[in-house]
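Chemist: Just need the structure, nothing else, for what follows:
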Amino acid sequence: MGDQALLGSIKEAAQYIRTQYPTAPQIGLILGSGLGVIAELVENATVIAYHDIPHFPVSTVEGHAGELLLGTIHGKHVLLMKGRFHLYEGYGVDVVSFPVRVMKELGVQTLIVTNAAGGVNTSYEVGDLMVIKDHINFTFRNPLIGPNFSELGVRFPDMSEAYSRRLRQTAHEVASEQGLKLPEGVYAGLTGPTYETPAEIRMLRTLGADAVGMSTVAEVIVARHAGIEVLGFSCISNMAAGILDQPLSHQEVMETTERVKPKFLQLILGIVAKLG
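Modeler: Below is the predicted model:
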């Protein structure tokens, strides 16, 4: 996307969304594979198809619906992306993160990102939920490369607290109240679309990764650049290659996320209720 064209595109997309839902959302949610169930929590939802929004890409992945929902959860106005965009679909890193720019333009201050991820930490079990404390950008791409616009953020953003310590603490409080196990871990983001090899998983474990997936990193970089506070969750939908000596499939991912649906919904609901 051209330099000034990016700013214009952000404003045009946001303006269209405002015509459908005039109230500014406080909280943005980006939902990963099979985790669109959170949409069930949104009250009085206005649904906007991605293809109706100017400059918005369209998701091509099974389990990603391709809709924007705006409404309320616990009286707080939310914008929820049901389906996200991935590098492996052929999108550039700027396109993948474009919706976060639009969220900022609309007034979003807090972003909750979720993904389905492979468990690299051998103490994890399929179906666990992990709160992300940090990430490793193994896509080797950064959405901020190119000219910087000061109205969007600073040239060299700090990433020492990419995932808000304050919001993680809130997540742990809610999990504790609900009797839910919620480990903290490091998420490694790769491009996909192949699952990793057993050797790659051994490497990632050595480097300190606890979970691995094909999303999230670009969106979080742009959110932090924009001054949005971020809370991230991985649903451990399968154990990564080489751990259980069995092949990996997207079908298993979808089945696991369906199984964890009730506890995941309760956790998100509890956290949104506590957000300021």
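Chemist: Just say helix, strand or coil for the residue located most distally from the centre of the chain.
Modeler: Distance from the C-alpha centroid of the chain, by CA atoms, centre = their mean, peaks at residue 245 (28.6 Å). Using DSSP: H, G, I helix; E, B strand; the rest coil, the three-state assignment for residue 245 comes out as coil.
Chemist: Remind me what the helix or strand where residue 12 lies packs against, helices and strands.
Modeler: Using DSSP states H and E, residue 12 falls within helix 3-20. In terms of contacts (3 or more CB pairs under 8 Å, 6 or more residues apart in numbering; DSSP states H and E), helix 3-20 is packed against strand 43-49, strand 67-73, helix 93-106. C-beta here means a position set from N, CA and C on the backbone, and glycine is covered the same way.
Chemist: Listing request: residues of this structure with sub-threshold pLDDT.
Modeler: Residue ranges of the chain with pLDDT under 70: 1-3, 61-65.
Chemist: The same query, at a cut-off of 90, please.
Modeler: Within the chain, the stretches with pLDDT under 90 are 1-6, 31-41, 57-67, 82-84, 238, 240-263, 276.
Chemist: returning to that earlier point: past the helix holding residue 12, which element shows up next along the chain?
Modeler: The element immediately downstream of helix 3-20 (helix or strand, assigned by DSSP H and E) is strand 27-31.
Chemist: Flag every buried residue along that next one.
Modeler: 27, 28, 29, 30, 31 (16 or more other CB atoms under 10 Å).
Chemist: which helix in this structure runs the most residues?
Modeler: In the chain, assigned by DSSP state H, the helix with the most residues is helix 250-274.
Chemist: Now do it against strand 67-73: the angle between them, please.
Modeler: Put simply, helix 250-274 runs at 30 degrees to strand 67-73, going by axes from the mean of the first three to the mean of the last three CA atoms, to 10 degrees.
Chemist: Could you check how far the residue nearest the centre of the chain is from residue 223?
Modeler: By CA atoms, centre = their mean, the chain has its centre lying nearest to residue 113, at 2.9 Å. Per CB to CB, to the nearest Å, residue 113 is found 8 Å from residue 223.
Chemist: list residues touching both of the two?
Modeler: Jointly contacting residue 113 and residue 223 under the rule CB atoms under 8 Å, 6 or more residues apart in numbering are residue 230.
Chemist: Grab the nearest non-local neighbour of residue 269.
Modeler: Spatially, and ignoring its direct neighbours in sequence, residue 269 is nearest to residue 41 (5.8 Å; CB to CB, 6 or more residues apart in numbering).
Chemist: Hmm, I typed the wrong one, I wanted residue 207.
Modeler: Residue 207's closest residue in space is residue 136 (CB to CB, 6+ apart), at 6.6 Å.
Chemist: That neighbour belongs to a helix?
Modeler: No. Counting by three-state DSSP, residue 136 is not part of a helix but strand.
Chemist: Now for it: which residues touch it?
Modeler: 186, 187, 188, 189, 204, 207, 208, 209 are the contacts of residue 136 under CB under 8 Å, 6+ apart.
Chemist: just checking, which of those residues belong to strands?
Modeler: Those of the contacts of residue 136 mapping onto strands are 186, 187, 188, 189, per DSSP state E.
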